[in-house]
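Participant: quick one, structure for this:
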Amino acid sequence: DRPIETYYCCYCGAYVLVMECRLNDCAQRQCDDAYAVDIQSQVIKWPGIAAETTVKVIQKENDKLEVQHLMLCQCSLPVAYRHHKEIEKCRRIFIINDSISSDPTTVQRKILELKQTLNF
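Facilitator: So this is what the prediction gives:
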């Protein structure tokens, strides 16, 4: 029996992802610190992430291009990306660093910290 981990959007607090491994146990990409989640070898569901994607193209070293299909939360902000349009062709998805949290109150804490910083 593996533990089930639940994650929430850090921007709006919505329930976005459930998987059987901890995000911190996943490898991180050096170029952007995104967590690489192997979606073919573990159970993972993303009920709060839109199926439709937005495409982002990034120029890498030596004039290489990387195509990222952004996976958006219901608040329309990106929380993950993949390299193929069809999710069935993907071996892994990449969770954007600091976009999700296992603590559903993260968004409220960030708002409180911002208010304190701005002296509201």
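Participant: any regions of this structure where pLDDT drops low?
Facilitator: Of all residues in the chain, those with pLDDT under 70 make up the ranges 1-2.
Participant: can you show me the helices along it?
Facilitator: Using DSSP state H, the helices found in the chain span residues 106-117.
Participant: name the single longest strand found in it.
Facilitator: Longest strand in the chain, counting residues (DSSP state E): strand 49-59.
Participant: who does it pair up with?
Facilitator: Partners of strand 49-59 in the sheet, by DSSP bridges, are strand 65-73 (antiparallel).
Participant: where along the chain do the strands fall?
Facilitator: For the chain, the strands defined by DSSP E cover 5-9, 15-19, 27-28, 35-38, 44-45, 49-59, 65-73, 78-82, 92-95, 100-101.
Participant: quick check: the closest residue to residue 77 other than its chain neighbours vs residue 72, distance?
Facilitator: Distances taken as CB to CB, 6 or more residues apart in numbering put residue 11 closest to residue 77, at 4.8 Å, once the chain neighbours are dropped. (Each C-beta comes from the backbone N, C-alpha and C, glycine too.) Look at residue 11 and residue 72: by CB to CB, to the nearest Å, they are 10 Å apart.
Participant: and if you look at residue 61?
Facilitator: From residue 61 to residue 72 the distance is 28 Å (CB to CB).
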